[in-house]
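[1] would you be able to build a 3D model of this:
(chains A and B)
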Amino acid sequence: MVQLNTGFTLFLSLLVEAVPFLLIGVAFSSLLMFFVDERALIGVLPKNAFLGALSGSLIGLAFPVCECGNVPVARRLLVQGAPTAVSIGFLLAAPVINPVVFWATWVAFRGQPEVVFLRVGFTLIIATLVGWVFSRQPDIGPFLQDSVARSRFRDFNRESGEVKPSAPSALLQGGTFIQGAGDMGAALRIDTPMAQRLVANPALEKTFSQKLTLAAENMVRELRELGAVLILGSAIAATVQVAAPRELILGLGQGMVSSIVAMMVLAAVVSICSTVDSFFALSFASTFTTGSLLAFLIFGPMIDLKNIGLLLTVFKGRAVFYLFALAALMSFACALFVNLFIG
Amino acid sequence: MRTFSRTSRREKQPLEPLDKMATSVILLMIGIIAAMLLLGSQALPKVRTFSWQDRAVSADDVAFMLTFTQPVEPASVEANLKIEPELAGKFSWAGRRMAYTLAVPAPYGETYTLSLPEANALNRQSGFEPFRSEFRTRDRIFAYIGADGEEKGRLVMFNFTRKEKKLLTPAGQTVLNFQPYPDRDRILYLAASPAEGEENTLAFAELYSVATGIEAETTAPKWQIWRPKPADAGERSLILDNKDYQNLKFDLSPNGKVIVIQRVNQQNPADFGPWVLIEGEPPRKLQTEPGGDFRIAPDSASLLLQQGQGTAVIALTETDSAQTAPETAPETAPEKTAKTAAKTAATDELLDFLPDYGLTLDIANDGSAAAFVNFNQDDPEKRFTQSLVWVSNRGEEKLLLQTDGNIVSAQFNEDNELLYCLVNRLVVEGDTNYLVMPYLTAINIKTGQAKKLIEMPPQPEITVSLSPDGLAILFDEMLVSDQQQNDQDRQAESSEDETLMEATHRLWLLPLFSTLEERLLDNPIPLPATELEIAGRQPMWLS
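    Numbering: from 1, shown residues only, chains lettered A, B, ... in the order given. So this is what the prediction gives:
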């Protein structure tokens, strides 16, 4: 009974902590959709895969969202036809490379400023590398969930990886029709909210008030869908935390390697928002190695249990596995490097 | 996985380029990690940070912190850590962090070496990078009002550690009273600049602050170049002018942000009372019953004001929202004053009233207790005697001293266990000749035991100042040529000037402890005082 109680409290606290940021994320995503011409943004992003991944990682500076909020934005970018490198870079780095998180980490780790800079630096490196790896795939389509893949624009030049700046809006009359997906090239009637939400940017020519209404509607829809996933993820995180005693996790924390593994597992299990995770990590600062704290701060925002749920709404299992494995191994390597060579 | 297989079938491409790339990068990362593990640790466990590194430590710094790069064995550190010269204290641990709390403040004016040649890591890794660092304590510095030659009437700062003297205020300005700011970067002082032949200097006293030129030893790192540079020594600024009002006694709050000053209207002597000056706000008169002596509490937010036979505790912070209306300049022009007064028509909040205690002598630095004087007006048997009472913030009360003379001042030591009191003892010579003999005594608050430290020759006024590290007391001696000048009325500050004319002033330093053990036990012993070759009065240590 006590465990159930604790579990429920944990669940609620996770939820309460995450929901505002989810709201911010969804709000940004919707505003981004209705007020920013991403095609223009995508157009100015570097074509080079490596630079694209780097710039994608840095987009977070303009969008202060944590990992609960960055998935919808990343999905939007993908749907809009942004290069994969940009989207993946953004997906992995945005929760850390943004002003709010930087500030929160600085507040928590003022005594160890190197943690703040190493967190940002390693995240940037990992996100860029993973983005670059994903850019090896000329068309990311096969790795996307069907609903996402269908709603993507296919005026994407497979050979050059370039986005044609033309086309989309003219065919979209009042947001009711969309340039068809797949290889058919036919115009599709959008009659489900799902498809309408995933549509690129039907609203750029609309009046301000219409845009605002659309943005609000979109926010509600995304919140419903992503909120459900968040609730499920929080429930799982809470259950695991109650089932596996914290003492056991902490017992692993003395050694060079075991402390990193423990903190990474903790990061995945606890699923805490990147805006507040530095305070969570600070409570371990005295008992755990610096490398393990960094692993927690780098790996946690990229991948955790509830995030996997969100990622699965965009990517297929295989892609999520690659994301997870690459992020985990690189975070581990960075943390190990810090533990062994910097001390 | 079902989705995946369906996709593969449709695409008829079991391995996308991403599959190949991701797999090879994953294998590469595993290889790198394995190589790093094989190489093993290249970094020996070491001290990462030392919180007092290259800092000038003050008495407020009670503990330093060592952070290790890895968890270490506490016993191995405690056995090997060495501080030269020795500083008694105790260890406490929180994972990789160790705190060393000093038993007593580190003596000022010293350079200390901290060394930790070896320690054992908890993960059985052998070896330790030896650590060695230095820190120093602040210089011993005091200020006084000069009494001779070009120093006469001027504020002088004396660095006792380096034996350097600095005149802070200009000639032609007579300093009446002063109080250092907590960061000792400035000194607040009340001074008059009398024109030739003018007598009544007090009427023209104005409140100034002067920079000491001592760098505020805060923890701001050197790379923060945007931090303001300390002002040059002697840079003055006017805090409060003498327009319309005469400035009398003042007190500076422990945080250095609030000043309370007794003022009287030049035209209307009935308009008399304490004014509050809060940083960034115009001065305002405290709306309360008339009172006498006052002192700002350690929280810098309330004032203890002698009212009648008791002490009123008055809130200093604004409660009236109308008061926060922006005022352009802190002027004391009559209209403005009237406006301000009208706004604060309501009286300032009275937090408490202590009916039994007439005079507040000192308040413990943590606010846990205070030393009061009870004038015993209610008790016919004790009439004309004074009692020194210690009162804790939980209402406990302890009578520390009873005298038929008067209790001049009292000062808590740094851990609030001792109270150093200056008492005037009444000595009857013959039938009519009353003599006042001042003496300094140390009272242990726990045991109530008093120990007389030194007797001083009869004199009208003595200032006693306990050094911030609690090791010595500085006092002035004013020998007046006229021995009859035994006026007990210390309030009559206006008569001070005439007596100053014929007086000789000297400063004395009284050490309190001869061994470390006496120091640790808070057990001061009478020791001979040393005369400093300085002619001055009202000496006061800078914290």
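[2] kindly report the residues of the stretch 51-200 of chain A close to chain B.
    A:111-112, A:129, A:133-134, A:136-138, A:140, A:142-143, A:145-146 (C-beta under 8 Å from any C-beta of the partner chain). Heads up, the C-betas are built off the backbone N, CA and C, glycines and all.
[3] pick the one among those closest to residue B:237.
    residue A:111 (35.5 Å; C-beta to C-beta).
[4] pull the number of nearby residues for the closest one.
    For residue A:111, the neighbour count with other C-beta atoms under 10 Å in any protein chain shown is 14.
[5] distance of it from residue B:297?
    32 Å (C-beta to C-beta, to the nearest Å).
[6] kindly report the same for residue B:370.
    Counting by C-beta to C-beta, the gap from residue B:370 to residue B:297 is 8 Å.
[7] what of residue B:138?
    In this view, residue B:138 and residue B:297 are 25 Å apart by C-beta to C-beta.
[8] higher neighbour count, those two?
    residue B:138 (23 against 19).
[9] my guess is the more buried one contacts residue B:108, does it?
    Yes - between residue B:138 and residue B:108 there is a contact at 5.4 Å, judged by C-beta atoms under 8 Å.
[10] next, show the common contact partners of these two.
    Shared contacts of residue B:138 and residue B:108, defined by C-beta atoms under 8 Å, 6 or more residues apart in numbering or on different chains, comprise residue B:468.
[11] residues of stretch B:52-71 that come out buried?
    By neighbour count on 16 or more other C-beta atoms under 10 Å in any protein chain shown, the buried set for stretch B:52-71 is B:52, B:55, B:57-59, B:61-62, B:64, B:66-71.
[12] ok, now stretch B:421-434?
    So, applying 16+ other C-beta under 10 Å, buried residues of stretch B:421-434: B:421-425.
[13] could you do stretch B:394-411 as well?
    Judged by neighbour count using 16+ other C-beta under 10 Å, the buried positions of stretch B:394-411 are B:400-401, B:403, B:405-411.
[14] kindly report the same for stretch B:279-292.
    So stretch B:279-292, judged by 16+ other C-beta under 10 Å, has buried residues B:281-286, B:288, B:291.
[15] stretch B:93-102 now?
    Applying 16+ other C-beta under 10 Å to stretch B:93-102 flags B:95-100, B:102 as buried.
[16] would you format the buried residues of stretch B:279-292 as a markdown table with pLDDT, distance to residue A:104 and secondary structure included?
    Shown next, in a markdown table, are the buried residues of stretch B:279-292 (pLDDT from 0 to 100; distance: C-beta to C-beta, whole Å; DSSP: H, G, I helix; E, B strand; the rest coil):
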| residue | pLDDT | distance to residue A:104 | secondary structure |
| --- | --- | --- | --- |
| B:281 | 84 | 33 | coil |
| B:282 | 86 | 38 | coil |
| B:283 | 87 | 41 | coil |
| B:284 | 86 | 40 | strand |
| B:285 | 87 | 45 | strand |
| B:286 | 85 | 42 | coil |
| B:288 | 81 | 45 | coil |
| B:291 | 80 | 49 | coil |
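[17] now residue B:425: how far from residue B:466?
    Residue B:425 is 21 Å from residue B:466, by C-beta to C-beta.
[18] state the distance from the closest residue to chain B within the stretch 51-200 of chain A to residue A:319.
    Across the stretch 51-200 of chain A, no residue is closer to chain B than residue A:137, which sits at 3.7 Å (C-beta to the nearest C-beta). Applying C-beta to C-beta, the value for residue A:137 to residue A:319 is 9 Å.
[19] which one of the two has more residues nearby?
    Using other C-beta under 10 Å as the criterion, residue A:137 and residue A:319 rank with residue A:319 on top: 26 against 21.
[20] what ranges do the strands span in the stretch 51-200 of chain A?
    All strands of the stretch 51-200 of chain A, identified by DSSP state E, counting those that start in this stretch, fall at A:177-178, A:188-189.
[21] next one: the stretch 1-150 of chain B
    Here the stretch 1-150 of chain B has its strands, by DSSP E, counting those that start in this stretch, at B:47-50, B:56-57, B:63-68, B:82-84, B:89-94, B:97-102, B:111-116, B:131-137, B:141-146.
[22] return the residues of the stretch 401-543 of chain B in contact with chain A.
    Contacts of the stretch 401-543 of chain B with chain A, taken as C-beta under 8 Å from any C-beta, are absent.
[23] what about the strands in the stretch 401-543 of chain B?
    Remark: strands assigned in the stretch 401-543 of chain B by DSSP E, counting those that start in this stretch are B:406-412, B:418-429, B:433-444, B:450-455, B:464-466, B:472-479, B:504-511, B:530-532, B:536-541.
[24] so residue A:55 touches residue A:45, yeah?
    Yes - using C-beta under 8 Å, residue A:55 is in contact with residue A:45, at 5.3 Å.
[25] what's the overlap in contacts for these two?
    The contact sets of residue A:55 and residue A:45 overlap at residue A:86 (C-beta under 8 Å, 6+ apart).
[26] so how many other residues sit close to the closest residue to the residue of the stretch 51-200 of chain A closest to chain B other than its chain neighbours?
    Of all residues beyond its chain neighbours, the one nearest residue A:137 is residue B:18 (3.7 Å), with distances taken as C-beta to C-beta, 6 or more residues apart in numbering or on different chains. Residue B:18 has 22 neighbouring residues, counting by other C-beta under 10 Å.
[27] cool, residue B:148 as well?
    By other C-beta under 10 Å, neighbour count at residue B:148 equals 11.
[28] contact partners for the closest residue in space to it that isn't next to it in sequence?
    Counting by C-beta to C-beta, 6+ apart, residue B:535 is the residue found nearest to residue B:148 once chain neighbours are left out, at 4.0 Å. Applying C-beta under 8 Å, 6+ apart to residue B:535 gives the contacts B:146-149, B:151, B:504-507.
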